[in-house]
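In: Here is a sequence together with a model predicted from it:
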Amino acid sequence: MRGLSQTEVAERVARGETNATKRTTSRPLWHIIRDNVFTLFNGILTVCFVAIALFGDLRDGLFYLVVVANSLIGIVQELRAKLALDRLALLASPIVAVLRDGEVVLVHPDDLVLGDTVVLRSGDQVVADALVLDAVDLTVNESLLTGESEPIIRGSGDTVLSGALVSSGTGHAVVTAVGAASYANRLTAEIRRHSLARSELRTATNRILVYISWLLGPIVLVAVGSQFLAGRFDVQSFIDGRWRETLIGIVASVVGMIPEGLVLLISLAFGVAAIRLARQRVLIQELAAVEILARVDVLCLDKTGTLTSGDVAYLRADSFGSDDHMEAALSLFARVDEANATARSLTESFPEMGARVGQRLPFASSRAFSALECISNGEQTAWVLGAPERVLAGHPDAAAHAARHAAVGHRTLALARVASLPDPDDLDLGSVVPVAVLLFGETIRPDAAATLTFFAEQGVRCLIISGDNPVTVAALAEGLGVGETSIDASTLSNDADLRAALEAHSIFGRVSPDQKRAIVRVLQEDGHTVAMTGDGVNDAMAIKDADLGIAMGSGTSASKAVARVVLLNNEFAQLPSVLAYGRQVIANVERVASLFLAKTVYGISFAIVFALLLWQFPFLPRQLTLVSTLTIGIPAFFLALAPNRRIYHPGILGRLLRYAAPTGLIAATVTIGAYALARTVTDPDQARAITTIGLWITAFWVLSVLTRPLDGWRALLLASMLAIFLFAVSVPFARDFFAMPLRVEPPLAIGVVAGALGAVAIELFYRNARRRGLIYDRV
């Protein structure tokens, strides 16, 4: 067997028949920049800033800092996720052994070409689909592709798929599909297509922004038209420069209507939660994933690698009689060079006892047993260890005993003494003396039971889904509190059968990758929010389809590439932390979003009322920035990151609108009333300052009720905002900066009284809103 020649390889490379694939990121860099920079509100605020820079005072452009910060935070967070995805590759094998010109050479997987002859060896990963030419005791593990954890025998004429692992034996295979056409790369291409997580916060925010965008255009036209009607854009205004003041007033009205910090707030809350979770070795690959687990009501768990560590665990031996050399023999079986994972799991239970190995016969799938000579204390004995159906074939009672253990989900091996080391292809059943049946199981993660109990207490239903035998899965799940009975998913032929099974069972075996996707889809169709965990290629598409995909750090790159959350240290017990941060984000963002939307409501009210009255807009942009910064921006930053364990309540959008609209209208009413009085008794600059006072007091009370129940740091936050405002209106250079020429005269009382009336009205509304469930206290 010579394989391809260098000339044939070069011809295939020239035709593009190589295993190289173009690995694209989930979201191109340009898309990330575009979606975070070129938004409708960023565009409107940019136009406003340019107008101020050209025709006004740059101090009125403070609001634009929020635009820049919002864009930068969004870009940085998404770039972090992009870089993490780009580092993931489905195939981990660094080199591949191939036959070329009759010699074995090592090449990178990308350098493999169609028609190459690959050398398959124990421990290798198959990196391209291939057809087996010859094999010696060749078995492959396709658990990462199918979920079936048992090795599968492969012989001449069989197909091996990319992504499989060679468990034992050797062989040669000719490559039949490379690059994008191979099985693993077809899966990778599909799972890496980007899809945004369904976030209720993001959906509610986007809907609100759509509503605002519908209103902006007509309101701006009305505001501009009213200024023309009032004669503030006539020829004389351009001669004496008054048009600039009018333009700045229009800019202020536009800025007042836009909740420019709302998107920043959500991005920041998600981003900080992601960073905190990263310190716990939990990678958040999409910001909204932090929120989604708080809404999940069904958690689908893959068995292998998620509930279990993937390691084989020795349980016990059921002996048929006593034998003084049994432990010494098992110690040797565990330590021979060719010992597989099952045999090596005996090491801890059977330490070295001074025995040594004589001749031995390695395990081969074709014979289904291994054998060795044990020399201990000067005595030599021969032993076989293998599949009960092979080793105990001449002893029906012993074989039936082993079968009963297998029926309840245990893996079994039979240990027997023989007169002498058997021939490779001939086990003399008459000489076999059964000694014991060894029982094995998969290792349950130590945190699995406590974590499942936690989710059950939180009202989250847990389903165990596996490609293994349903009896094995049910036995493994015993004691985890998920359920007692399992069902064979291969018997479920349609959605109706699957839906009925989901109502009756929580443990599923023999689940195909397509059925995993179907389970997610059926649950979602029934109104559930679904999370899916897994670690293999077979889990990847279901992880992608779920509302929240969770992958183990030890899993395949395919599962990690598509997951929203990756548990880097493979600790299932980290999920409650994700839930806690999700609850914190939802509860805090919902509460402080009310501040932003109340501002939008009173901003829209100002624009409409002052336009209809043909009055000059009573605020400069910097004055609105002062109010919004101290009653919304800075406090919202701290409140959004504060601890909050309040459980999730659906209907965020409705609660936001039902709370923000009345509070915004209260603020607008008292502020417009204050200005209506102030403009008749004092000069325009003083009237602006008085009106700002009234608005700030009312907005401050909106903030104060939303920080309740108060504790030490929240009281300090409110006191700090009050102190900063007093500084801004009393210290000369700050008064000049914010155009607050306040004089201690009777008109000043207008603003104070108006603010006090607004605060009383807000307090009454808040108490009523709590009774009606529009506001939930933090826990």
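Out: Good, I have the coordinates. The model shown is predicted, which means the values in this text are computed figures rather than measured ones.

In: Surely Pro434 touches Leu413?
Out: No - between Pro434 and Leu413 there is no contact under Cβ atoms under 8 Å: 11.9 Å. Backbone N, C-alpha and C define where each C-beta goes, glycine included.

In: Pull out the buried positions in stretch 357-372.
Out: 360-365, 367, 369-372 (16 or more other Cβ atoms under 10 Å).

In: min pLDDT across the residues you listed, which one?
Out: Among those, Ser365 has the lowest pLDDT, at 64.

In: Can you name the residues that contact the spatially closest residue to Arg295 that is not a sequence neighbour?
Out: The shortest distance from Arg295 to any non-neighbouring residue, by Cβ to Cβ, 6 or more residues apart in numbering, is to Thr529 (4.7 Å). Thr529 makes contact with 292, 295-298, 547-548 under the criterion Cβ atoms under 8 Å, 6 or more residues apart in numbering.

In: Next, format the buried residues of stretch 357-372 as a markdown table and append distance to Arg771 and secondary structure.
Out: Below are the buried residues of stretch 357-372 laid out as a markdown table (distance: Cβ to Cβ, whole Å; DSSP: H, G, I helix; E, B strand; the rest coil):
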| residue | distance to Arg771 | secondary structure |
| --- | --- | --- |
| Arg360 | 80 | strand |
| Leu361 | 80 | strand |
| Pro362 | 76 | strand |
| Phe363 | 72 | strand |
| Ala364 | 75 | strand |
| Ser365 | 71 | coil |
| Arg367 | 77 | coil |
| Phe369 | 75 | strand |
| Ser370 | 74 | strand |
| Ala371 | 79 | strand |
| Leu372 | 78 | strand |
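
In: In those residues, find the pair that's most separated.
Out: Spanning the widest gap among these are Ser365 and Leu372, at 17.8 Å by Cβ to Cβ.

In: Surely Val511 touches Val520?
Out: No - proximity of Val511 to Val520 does not meet the contact threshold set by Cβ under 8 Å, at 11.4 Å.

In: Skipping its backbone neighbours, what lies nearest Leu695 in space?
Out: Leu695 sits nearest to Thr671 (Cβ to Cβ, 6+ apart), 4.5 Å away.

In: and the one you found, what element?
Out: Using DSSP states H and E, Thr671 falls within helix 652-681.

In: what is the mean pLDDT for that helix?
Out: Here the average pLDDT along helix 652-681 is 90.

In: Output the contacting helices and strands for whichever helix or strand comes after it.
Out: Next along the chain after helix 652-681, taking DSSP H and E as the criterion, comes helix 684-706. In terms of contacts (3 or more Cβ pairs under 8 Å, 6 or more residues apart in numbering; DSSP states H and E), helix 684-706 is packed against helix 575-612, helix 621-628, helix 652-681, helix 712-730, helix 748-772.

In: in terms of contact count, name the helices or strands touching the shortest one.
Out: Counting contacts by 3+ Cβ pairs under 8 Å, 6+ apart, the secondary-structure elements packed against helix 621-628 are helix 242-257, helix 684-706.

In: Using JSON lines, lay out those together with distance to Ala734, mean neighbour count and mean pLDDT.
Out: Listed next are the helices and strands packed on helix 621-628 as JSON lines, based on distance: least, Cβ to Cβ, whole Å; neighbours: other Cβ atoms under 10 Å; pLDDT from 0 to 100:
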{"stretch": "helix 242-257", "distance to Ala734": "19", "mean neighbour count": "22", "mean pLDDT": "80"}
{"stretch": "helix 684-706", "distance to Ala734": "12", "mean neighbour count": "24", "mean pLDDT": "92"}
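
In: so who does the most centrally placed residue in the chain touch?
Out: By Cα atoms, centre = their mean, the chain has its centre lying nearest to Arg564, at 2.3 Å. Arg564 makes contact with 197, 284-286, 288-289, 292, 548-550 under the criterion Cβ under 8 Å, 6+ apart.

In: Same check on Ala687?
Out: So Ala687 contacts 618, 675, 678-679, 747 (Cβ under 8 Å, 6+ apart).
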